[in-house]
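Undergrad: please find the sequence and the predicted model below.
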Amino acid sequence: MSPETSALSTATPHSQSAPRWLSWLLVAALVYLLLAAVSAIGAGFKAAAGEDAKVLFEFASNPIIALIIGVVATALIQSSSTVTSIIVGMVAGGLPVAIAIPMVMGANIGTSLTSTLVSLGHVRNGEEFRRAFSAATVHDSFNLLAVAIVLPLELLFQPLARTSEWLSGLLVSDASMSMSNMNFMKAMLAPGTGILKESVAWLPGIWSGVALILLGIGIILMVVTQIGRVLRTLMEGRAMGILRTAVGRGPVSGMASGTLVTVLVQSSSTTTSLIVPLAGSGMFSLKQVYPFILGSNIGTTITALLAATAITGASAMVALQIALVHLLFNIMAIALIYVLPMLRTLPMYMAEGLAELAQRNKGYVAAYIGGVFFALPLGLVGLSQWL
């Protein structure tokens, strides 16, 4: 036993529990701040445009542009949890659900950039890099294929909009909306949201609403990052233990462990960053990593569902609806792609092909990252405007 391990094992309960209690208290405070910020974004949009808030989003009336906004915003911020939480607040402030749905799909694509960047840590070792890059890009490949299949279905038949609307109607009753003044969550968040509103109240007219939106977005960016950091400190050892014991036991176990680890650390980026180096070292095969990464897609939806609880009154149903869209989209993608044998292996073939190219010439890596996450989205925006 090492001196460090011995010291940990002989430490008093108080010396171990006090920092953990403080950490959990910090998590609770950050969650409160997250909910207050989401509520503030909705209030900001309403203050900026009143009942005509939808005019603010006419630039994204095209679903392709909405999709690209989700991709680029998440690629830049590197957190789908952050982007979807912001979208929840925007929906509460008037963003149409039909525009928000492609944005959520785009967030799924943008967040997969993290694992691709992590794989570059193995670039000096050709075989390790091939394994790591294929494990990373199977995430990209699945999410791109999911959008290519589900977005046209959504535009034609609205399965996500219809199902999420039905579920949100069950979960948010008319009675709870009519009693919004007595809503516990609204009362609990009122002090925090009130402070944020007062901090920008000195600005004239529409500018106070715009400032409140920007303030809320800034707080969400900070809070989600800090929550992930604190939870990684608290849970990373446990998460790694789950990962090591469950990933190799089959697709169901792998998917469940990916979901659980992501819920524990509150970041799909962290989850995929944990698995990619292990795949690069040869500990897990691409076939084992694949379902684990799909589970991380499901686990990351918990943040938007949590954010939706900050919205009360008439906007509560649509806020919950878009949070449910994020969950349902990932479940539907798994059902259509992973469950169907004819499509299941396609993301793996795509990832392996990309890894072979990247191993031979590192220029393909730069072209892939710049093309998929930035050049292609901008090109599609231009094409959609021209059409």
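TA: Nice, thanks for sending it over.
Undergrad: tell me which stretches of this protein form strands.
TA: Assigned by DSSP state E, the chain shows no strands.
Undergrad: so for it, the centremost residue is which one?
TA: Computing the C-alpha centroid of the chain and ranking residues by C-alpha atoms, centre = their mean puts residue 80 first, at 2.6 Å.
Undergrad: surely that one and residue 74 touch.
TA: Yes: assessed by C-beta atoms under 8 Å, residue 80 is found in contact with residue 74 at 5.2 Å. Where C-beta positions appear, they are placed from N, C-alpha and C, glycine not excepted.
Undergrad: so what sits against both of these two?
TA: Residues touching both residue 80 and residue 74 (C-beta atoms under 8 Å, 6 or more residues apart in numbering): 107, 110-111.
Undergrad: that older thread, next one, pLDDT for the residue nearest to the centre of the chain please.
TA: Residue 80 carries a pLDDT value of 80.
Undergrad: thinking again about what came up before, now pLDDT too, for the shared contacts of residue 80 and residue 74, in a markdown table please.
TA: Output for those, formatted as a markdown table (pLDDT from 0 to 100):
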| residue | pLDDT |
| --- | --- |
| 107 | 90 |
| 110 | 86 |
| 111 | 83 |
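Undergrad: in ChimeraX, how would I select the buried members of these?
TA: Those of the shared contacts of residue 80 and residue 74 that count as buried under 16 or more other C-beta atoms under 10 Å are selected in ChimeraX with:
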select :107,110,111
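Undergrad: what about the stretch 51-200 of the chain, any weak spots by pLDDT?
TA: 51-61, 78, 173-186, 189 (pLDDT under 70).
Undergrad: just for the stretch 201-350 of the chain, where's the confidence low?
TA: Across the stretch 201-350 of the chain, residues meeting the criterion (pLDDT under 70) sit at 224, 227-228, 231-232, 234-240, 243, 266.
Undergrad: just the helices from it, written as ranges.
TA: For the stretch 201-350 of the chain, applying DSSP state H, counting those that start in this stretch gives helices covering 206-246, 251-265, 268-280, 286-299, 302-308, 316-333, 341-344, 346-360.
Undergrad: give me the residues contacting the last one.
TA: What that stands for is helix 346-360. By C-beta under 8 Å, 6+ apart, helix 346-360 touches 126-127, 129-131, 133-138, 140-142, 145, 286-287, 290, 337, 364-365, 368.
Undergrad: what about residue 129, how many residues nearby?
TA: Residue 129 is flanked by 21 other residues according to other C-beta atoms under 10 Å.
Undergrad: same check on residue 73?
TA: Residue 73 has 19 nearby residues by other C-beta under 10 Å.
Undergrad: for residue 192, same thing?
TA: By the other C-beta under 10 Å criterion, the neighbourhood of residue 192 contains 19 residues.
Undergrad: over to residue 350?
TA: Using other C-beta under 10 Å, residue 350 is surrounded by 18 other residues.
Undergrad: how about residue 372?
TA: Residue 372 has 22 neighbours, counted by other C-beta under 10 Å.
Undergrad: so who does it touch?
TA: So residue 372 contacts 140, 144 (C-beta under 8 Å, 6+ apart).
Undergrad: could you report the separation of it from residue 353?
TA: Residue 372 sits 14 Å away from residue 353, going by C-beta to C-beta, to the nearest Å.
Undergrad: got the contact list for the nearest residue to residue 256 once chain neighbours are set aside?
TA: Nearest residue to residue 256 in three dimensions, chain neighbours excluded: residue 295, at 6.2 Å (C-beta to C-beta, 6 or more residues apart in numbering). The neighbours of residue 295, taking C-beta under 8 Å, 6+ apart as the test, are 254-262.
Undergrad: now a ChimeraX select for only the buried ones of the contacts of helix 346-360.
TA: To isolate the buried members of these in ChimeraX, using 16+ other C-beta under 10 Å:
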select :129,130,131,133,134,135,136,137,138,140,141,142,145,286,290,337,364,365,368
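Undergrad: out of the contacts of helix 346-360, which are inside helices?
TA: Within those, residues falling in helices by DSSP state H are 126-127, 129-131, 133-138, 140-142, 145, 286-287, 290, 364-365, 368.
Undergrad: follow-up on the earlier one: nearest to residue 161, of the contacts of residue 295?
TA: The shortest approach to residue 161 among the contacts of residue 295 belongs to residue 259, at 24.0 Å (C-beta to C-beta).
Undergrad: kind regards, and thank you for your time.
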